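Student: Let's see this in three dimensions:
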Amino acid sequence: MPRLYLIRHARPTSSWGQGDDDPGLDAQGQAQAKAACEALLGLPTEVRPQQVASSPLRRCRETARPLAAALGRDPEVIAAVGEIPTPRALAADARPAWLANAFDGCWADIVGDLDYEAWRRGVAESLLSRGRTAVFSHYVAINAVVSLLTGDERVIAFRPDHASITELETDGRSLTLIAKGREAVTSVL
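Tutor: Presented below is the predicted three-dimensional model:
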């Protein structure tokens with residue numbers, strides 16, 4: 001089955017709740033993006049990604065940039081692998097507390113005006129036809145896929161580090177988790 005890679009964006013200039021809703025990468029993040037590119041290009045030819053896709057957010061697009069340039073491809077932007085949607089009625093400055101509460105619970109318990117179980121399935125479904133693709137995404141979106149594939153109902157099934165690479169396989173109808181990416185030793189940024 002074709003391999004598929006979920007890469008968490010590299011370290012941004014600011015984290016959630018710090019005033020910039022769409023930060024780019026800091027210097028360390030740019031180095032992490034290059035390292036992820038080298039790791040992916042270093043894979044055996046038969047499993048090396050040939051396509052690049054990204055969340056619409058800047059930190060993901062910037063993390064994807066070195067691999068896209070090396071492959072001579074423009075990244076496909078996929079909204080479904082973007083950040084977890086905030087409830088419409090929630091003020092922007094309340095998002096960090098809402099996220100922290102969600103992180104401590106299960107998917108079915110997230111409070112909001114959206115069916116977050118359906119959102120989680122939608123993230124996974126958006127990946128089904130993307131074999132041989134490197135998909136640059138976010139902490140919670142990657143957790144959505146991993147938790148679904150492992151049957152773990154917690155929102156945070158693992159803690160993917162910046163620029164970590166989670167490996168999947170797809171036959172176009174289902175996804176299989178091959179290996180989780182490197183885990184962070186600190187809190188989410």
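Student: How many residues are close by the closest residue to R88 other than its chain neighbours?
Tutor: Computed as Cβ to Cβ, 6 or more residues apart in numbering, the closest residue to R88 that is not its neighbour in sequence is D113, at 5.6 Å. C-beta coordinates here come from the backbone N, C-alpha and C atoms, glycine included. When neighbours are defined as other Cβ atoms under 10 Å, D113 has 10 of them.
Student: Ok, P44 next?
Tutor: Neighbours of P44 using other Cβ under 10 Å come to 7.
Student: try V145
Tutor: Using other Cβ under 10 Å: V145 sits among 26 other residues.
Student: Wait, a helix at it?
Tutor: Yes: counting by DSSP: H, G, I helix; E, B strand; the rest coil, V145 is part of a helix.
Student: Where in the protein is the helix or strand with the lowest mean pLDDT?
Tutor: helix 95-103 (a mean of 90; mean pLDDT, DSSP states H and E).
Student: Could you tell me which residues within that helix count as buried?
Tutor: The neighbour-count check on helix 95-103 (16 or more other Cβ atoms under 10 Å) flags R95, W98, L99, A102, F103 as buried.
Student: Show me which of those residues is closest to D152.
Tutor: Relative to D152, the closest of the buried residues of helix 95-103 is F103; by Cβ to Cβ it sits at 13.4 Å.
Student: quick one: secondary structure of the nearest residue to that closest one once chain neighbours are set aside?
Tutor: In space, and not counting its chain neighbours, F103 is closest to I156: 5.2 Å by Cβ to Cβ, 6+ apart. Classification of I156 by three-state DSSP places it in coil.
Student: again with A35
Tutor: Per three-state DSSP, A35 ends up helix.
Student: The residue lying closest to it once chain neighbours are set aside: how many residues sit nearby?
Tutor: Among residues not flanking A35 along the chain, A163 sits closest, at 6.5 Å (Cβ to Cβ, 6+ apart). For A163, the neighbour count with other Cβ under 10 Å is 25.
Student: V140 versus R8, what's the distance?
Tutor: 10 Å (Cβ to Cβ, to the nearest Å).
Student: Of these two, which one has the most company?
Tutor: R8 (29 against 22).
Student: For that one, give me its contacts.
Tutor: Shown in contact with R8 (Cβ atoms under 8 Å, 6 or more residues apart in numbering): F136, S137, H138, Y139, I142, P160, D161, H162, A163, S164, T166, G181.
Student: which residues touch the last one?
Tutor: Contacts here follow Cβ under 8 Å, 6+ apart; on that basis G181 touches L6, I7, R8, I142, P160, D161, S164, I165, T166, E167.
Student: Reformat the residues you listed as a markdown table; add pLDDT.
Tutor: Putting the contacts of G181 into a markdown table (pLDDT from 0 to 100) gives the following:
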| residue | pLDDT |
| --- | --- |
| L6 | 98 |
| I7 | 98 |
| R8 | 98 |
| I142 | 98 |
| P160 | 97 |
| D161 | 97 |
| S164 | 98 |
| I165 | 98 |
| T166 | 98 |
| E167 | 98 |
